[in-house]
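Chemist: I'll drop the sequence and a predicted model, then ask my questions.
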Amino acid sequence: MNCTCDLHTHSIFSDGTWTPEEIINESEAIGLSAVALCDHNTIDGLDRFTAAAAGKNVMAITGVEFSTEYKEKELHILGLNVKPQYYSQVKSRLADLLIRKEERNRELVSNLKNIGYFIDYDKLKASSPSGNINRAHIAAELVRQGKFQTRQQAFNVLLNPECGYYHPPKRPDSIETIDFIRQISAVSVLAHPLRSVDEPFLLDFLSQASNAGLAAMETVYSDCEEKLLQRSVEIAGEFSLLPSGGTDFHGSKKPDIKLGTGKGNLSVPYEFCLNLLKASK
C-alpha cells in the first residue's frame with residue numbers, strides 16, 4: 001500500500017456518481033491508505049461508507065462538506081472524522097439549509113420553465129438516493145435533454161446567480177460552522193481555498209477563522225495552478241493551519257478528475273490524514 005490518501009470525495013448521496021461502496025473498493029484497488037467521504041450538506045451515505053470499509057485495507061474517514069457564507073461569499077468547510085454519536089446533531093444543523101435549498105431549487109425550475117426549459121423536479125429528486133438535489137443535478141438533466149453539451153455551459157447560461165434565474169438560499173455563517181465542527185470533536189478544513197476566492201479575501205477570512213478554531217486548509221486540490229497551490233501551503237503555515245488535500249472526486253460528473261490522483265499528478269500524503277485525526281480527538 002502506498003502512503004497517500006484522498007480526503008475529499010463525493011458520492012451519489014450528493015452530486016457524485018459513485019456509490020460509497022464503489023469509492024471504498026476503488027480506493028483499496030489503487031492502494032490509498034485512507035479516503036474521506038464529504039458529501040455536500042448530508043451525511044446520509046456515511047453508514048454505507050464505513051460498512052463497506054470493514055475488513056478492507058483502506059481507512060474510511062467520515063466527513064461532510066458544509067456550504068457556508070462569509071461576507072456574502074460562499075465558502076465550503078469540511079468537517080472530517082464526524083463521529084456517529086454526533087450524526088443527529090449534524091442532521092439537525094443541516095435541516096434548515098436543505099429546506100431553503102429545496103425552495104430555491106423549485107423556484108429555479110419554475111423560472112426555467114417560463115423560458116422553455118422543462119424539468120420534472122419531483123422525478124429528478126426521486127432519482128437521488130438522499131432526496132437532495134442541487135444545481136449540478138439540474139445541469140446534468142439539461143445536458144441529458146440535449147439542451148447543453150456540458151454542465152458548465154448550463155451553469156454559464158442559466159444556473160449561475162448572475163443569470164437571474166437562481167437565487168441562492170441564505171447559507172450558514174462560516175465562522176459559526178467552524179465552531180460547530182469544533183463542538184462535535186471533528187476537524188474543520190477550508191476546502192479548495194484559492195479556487196474559491198482571491199487571496200485578499202482568503203487572508204481576511206483566515207484572520208477570523210483561525211481565531212474561531214479552523215484547524216486545517218486544503219493545500220493539495222484539483223483545478224488549481226501550481227503557483228496557487230504553493231501559495232496555499234505558505235498561507236496555511238502563516239496561520240498555523242494543518243495541511244489537508246483531496247481530489248474533490250465526483251465520478252463521471254467530473255471525468256477528468258480521478259480518485260486519488262486528480263488530473264494525474266495529485267498526491268496527498270497519508271501523514272496529512274494522521275495529523276488531522278489527532279486534531280479531532
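Modeler: Looks like it arrived, so ask away.
Chemist: what stretches of the stretch 151-281 of the chain score poorly on pLDDT?
Modeler: The stretch 151-281 of the chain contains no residues with pLDDT under 70.
Chemist: where along it do the strands fall?
Modeler: Applying DSSP state E, counting those that start in this stretch to the stretch 151-281 of the chain gives strands spanning 187-190, 216-221, 242-246, 268-269.
Chemist: using JSON lines, please lay out those strands together with mean neighbour count.
Modeler: The C-beta positions use only the backbone N, C-alpha and C, and glycine is treated the same way. Converted to JSON lines, those look like this (neighbours: other Cβ atoms under 10 Å):
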{"stretch": "strand 187-190", "mean neighbour count": "29"}
{"stretch": "strand 216-221", "mean neighbour count": "26"}
{"stretch": "strand 242-246", "mean neighbour count": "25"}
{"stretch": "strand 268-269", "mean neighbour count": "22"}
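Chemist: can you lay out those as CSV showing distance to residue 115?
Modeler: As requested, the strands of the stretch 151-281 of the chain are exported to CSV (distance: least, Cβ to Cβ, whole Å):
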stretch, distance to residue 115
strand 187-190, 36
strand 216-221, 35
strand 242-246, 37
strand 268-269, 43
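Chemist: so for residue 4, which of these sits nearest?
Modeler: Nearest to residue 4 among the strands of the stretch 151-281 of the chain is strand 268-269; the distance by Cβ to Cβ comes to 5.7 Å.
Chemist: next one: the closest one to chain centre, how far?
Modeler: Centroid separation between strand 268-269 and its chain, computed with Cα atoms, centre = their mean, to the nearest Å, is 18 Å.
Chemist: pairing partners for it, with directions?
Modeler: Based on DSSP bridges, the pairing partners of strand 268-269 within the sheet are strand 4-9 (antiparallel).
Chemist: any residues touching the partner strand, and which ones?
Modeler: Where contact means Cβ atoms under 8 Å, 6 or more residues apart in numbering, the residues beyond strand 4-9 that reach it are 16, 23, 27, 31-38, 59, 61, 63, 65, 78, 80, 189, 191, 218, 221, 244-249, 259-260, 267-270, 272-273, 276.
Chemist: count the residues that sit near residue 213.
Modeler: A count of nearby residues for residue 213, using other Cβ atoms under 10 Å, gives 15.
Chemist: so it sits right up against residue 190, yeah?
Modeler: No. With contact defined as Cβ atoms under 8 Å, residue 213 does not count as touching residue 190 (12.0 Å).
Chemist: for residue 270, what are its contacts?
Modeler: Neighbour list for residue 270: 3, 4, 5, 33, 34 [criterion: Cβ under 8 Å, 6+ apart].
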